[in-house]
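Undergrad: The sequence and its predicted three-dimensional model are supplied below.
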Amino acid sequence: MATVIVPAHNEGSVIRRCLDSLVGQEGVVRIIVACNGCSDDTVSIVTNEYPQVTCLDISTPSKVNALNEAEKHVVSWPVFYIDADVALSDGAIKAVASGMKAQNLLLAAPEPVIDTSDSSWLVKRFYDAWLSLPYIKEGVVATCSFVISEEGRKRFRAFPDVIADDGYVRSHFYAEELGNIPGAKVYVSAPKTAASLIKIKSRARLGNLELSARKLGYDKPTPDYGAVLSGLLFSKKWLSALVYIGFVTVFRLRAKAQFKDLENYEWEVDHSSR
């Protein structure tokens, strides 16, 4: 039996889709929406339309603080940490909980389904190459969600004030301890524009730079996917590979520039997919 935590900052345009996919799922004991610093109608939607959901109205606009506050209300494990702009497939909660137990996993996630139907040509080409990379298939990447067992949650204390909360969590587990659960899906809407893609992927890269600089998590080797990209360049996906390499170069340069002034970084959001 599971608890679900949904951090939400001004997610009024997408929160219904998320909660509709969670309410009624078998195996859920409590759903907690941790509204943080909301100035839109997110709190009103949750409290008025979803009375079966525990709604926290937190004044501080901070995702990690919202996660820490929500964890005070956890009543069962595993705990699903789900972003407000995604949706789970029917039966995903039960499938993930059962899969974690069967595979003895401490950290898991549903398999990501990236919807690029409304995205620009460049964004579609990026994801065409990106989804071919090994680390996407290695588990708990690009899901906008993660699930931790009670034993796994003992790996770290409170969520620290970091940009990449998912990266921080993932860094505390080895490959054999984590994985995606087949049959359970999480539906993620890709950015519509190249500019929005650059925002969120630069943020992810910046988050990783921060984790590395602060030495948070285990010291694990950085994988080298040069051979995979080389293979893509000499395949039918060569054009997608070139677009991917171009985007990644921009992400890295932009994140490095932002890292120099990390204290003044302002959280960047993809509004195009909302």
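TA: Nice, thanks for sending it over. Numbers count the residues shown, from 1 in each chain.
Undergrad: I'd like to know which elements the helix or strand where residue 109 lies is packed against.
TA: Under the criterion of DSSP states H and E, residue 109 resides in strand 107-115. Here strand 107-115 touches helix 92-103, strand 145-148, strand 178-189, going by 3 or more C-beta pairs under 8 Å, 6 or more residues apart in numbering; DSSP states H and E. The C-beta positions use only the backbone N, C-alpha and C, and glycine is treated the same way.
Undergrad: Show me which positions of it end up buried.
TA: 107, 108, 109, 110, 111, 112, 114 (16 or more other C-beta atoms under 10 Å).
Undergrad: coming back round to it: format the helices and strands packed on strand 107-115 as JSON lines; extra columns: mean neighbour count.
TA: Below are the helices and strands packed on strand 107-115 laid out as JSON lines (neighbours: other C-beta atoms under 10 Å):
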{"stretch": "helix 92-103", "mean neighbour count": "19"}
{"stretch": "strand 145-148", "mean neighbour count": "26"}
{"stretch": "strand 178-189", "mean neighbour count": "20"}
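Undergrad: right, so of the ones you listed, which gets closest to residue 65?
TA: strand 145-148 (17.7 Å; C-beta to C-beta).
Undergrad: how about the helix or strand following the closest one as PDB, C-alpha atoms only?
TA: Remark: after strand 145-148, the chain's next helix or strand is helix 165-170, criterion DSSP H and E. The C-alpha coordinates for helix 165-170 follow below in PDB (Å, rounded to 0.1, in the frame of the first residue of the first chain):
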ATOM      1  CA  ASP A 165      16.000  16.600  -6.400                       C
ATOM      2  CA  ASP A 166      15.600  13.600  -8.600                       C
ATOM      3  CA  GLY A 167      19.300  13.500  -9.500                       C
ATOM      4  CA  TYR A 168      20.100  13.800  -5.800                       C
ATOM      5  CA  VAL A 169      17.900  10.800  -5.000                       C
ATOM      6  CA  ARG A 170      19.200   8.800  -7.900                       C
END
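Undergrad: picking up where we left off before, quick check: neighbours of the strand holding residue 109 in the sheet, parallel or antiparallel?
TA: Using DSSP bridges, strand 107-115 pairs in its sheet with strand 145-148 (antiparallel), strand 178-189 (parallel).
Undergrad: Any idea how far the first one is from the middle of the chain?
TA: Spelled out, it's strand 145-148. 9 Å (C-alpha atoms, centre = their mean, to the nearest Å).
Undergrad: cool, the last one as well?
TA: The offset between the C-alpha centroid of strand 178-189 and the centroid of the whole chain comes to 11 Å, using C-alpha atoms, centre = their mean.
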